[in-house]
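1. Pasted the sequence and its predicted model underneath.
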Amino acid sequence: MPNSAKPIKPLRLATLLMLATGAGCGISGCAATQAADPAGQAAACQTNPADLLQQFADAFNQHDAARLAGLFADRANFVNIYGTVMRNRSGIEQGHAQAFSSRLAPAKLEFSSIDKNQASDRTAVLTGVWDLVQPNDADQSKVVPTGSGALTAVAQCDDAHWVLISGANVRKTTPPS
């Protein structure tokens, strides 16, 4: 009998994130969550997960790579505007420390808006629209140029506090005509 099944089309990133986090169930599944907290009484995160992006900007503006990386879970990943994947908190710290000592040394980051899509009480997708400013006297050939972009991150309530578990940064550019 011929196989009449149609190929599965690729899912969008947001759909994959929703499926992976599934209303409070981690990637390892609901059973693991229930086993760790059989009564379902894990401490709720009382703060706003969107605050993480403002804390990201504060650490960025102080060029504090350790503090910035501390906003991420140990196994998180971050993709910068050049497509470089920084794996784990230590890689995020190392990547930002290197950038802060060179091309981001004089830079300042400011979010003009931060949106939160609360997927569940323990998972949120954050999108921050940012502006990066370099001093006028900065050597533009050696720094990330002044510009704008968006940072999308997934936050998870873990042990009563929010942490970033993934982030990806894109720079605004003029679309081709």
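-> Structure received. Numbering: from 1, shown residues only.
2. By residue count, what's the longest helix in the chain?
-> helix 88-100 (DSSP state H).
3. for that one, packing partners?
-> helix 65-69, strand 72-79, strand 85-87 (3 or more CB pairs under 8 Å, 6 or more residues apart in numbering; DSSP states H and E). (Glycine included, C-beta is placed from N, CA and C.)
4. Other residues contacting stretch 135-143?
-> 102-107, 134 (CB atoms under 8 Å, 6 or more residues apart in numbering).
5. Just the buried ones from those residues?
-> 103-104, 107, 134 (16 or more other CB atoms under 10 Å).
6. Report pLDDT for Gly24.
-> We have a pLDDT of 41 for Gly24.
7. distance between the ends of stretch 133-152?
-> The first and last residues of stretch 133-152 sit 19 Å apart, counting by CA to CA, to the nearest Å.
8. Revised request: answer the last question for stretch 116-124.
-> End-to-end for stretch 116-124, by CA to CA: 7 Å.
9. For it, buried residues please.
-> 116, 119, 122-124.
10. Going along the chain, name the strands of the protein.
-> Per DSSP state E, the chain carries strands over the ranges 72-79, 85-87, 108-120, 123-133, 147-158, 161-171.
11. between the ones you listed, which one is nearest to Ala57?
-> strand 108-120 (5.0 Å; CB to CB).
12. The closest one pairs with which strands, parallel or anti?
-> If you go by DSSP bridges, strand 108-120 pairs up with strand 123-133 (antiparallel).
13. Hey, what's the angle from the strand it pairs with to strand 161-171? Just curious.
-> 50 degrees (axes from the mean of the first three to the mean of the last three CA atoms, to 10 degrees).
14. Can you give me the buried ones in strand 123-133?
-> Per 16+ other CB under 10 Å, strand 123-133 contains these buried residues: 123-130, 132.
15. Can you redo the residues you listed as CSV, where the extra columns are pLDDT and distance to Asn61?
-> CSV is the format used below for the buried residues of strand 123-133 (pLDDT from 0 to 100; distance: CB to CB, whole Å):
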residue, pLDDT, distance to Asn61
Thr123, 97, 27
Ala124, 98, 23
Val125, 98, 24
Leu126, 98, 18
Thr127, 98, 20
Gly128, 98, 14
Val129, 98, 16
Trp130, 98, 11
Leu132, 96, 11
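16. related to what we said a few turns ago, out of the contacts of stretch 135-143, which is nearest to Ala57?
-> Of the contacts of stretch 135-143, the one sitting nearest to Ala57 (CB to CB) turns out to be Ala107, at 11.1 Å.
17. beta partners for Val85?
-> Under the criterion used (DSSP bridges), Val85 bridges to Val79.
18. any idea how far it lies from Pro175?
-> 25 Å (CB to CB, to the nearest Å).
19. would you list the strands of the chain in a markdown table and tack on distance to Glu93?
-> Below are the strands of the chain laid out as a markdown table (distance: least, CB to CB, whole Å):
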| stretch | distance to Glu93 |
| --- | --- |
| strand 72-79 | 9 |
| strand 85-87 | 8 |
| strand 108-120 | 17 |
| strand 123-133 | 20 |
| strand 147-158 | 16 |
| strand 161-171 | 13 |
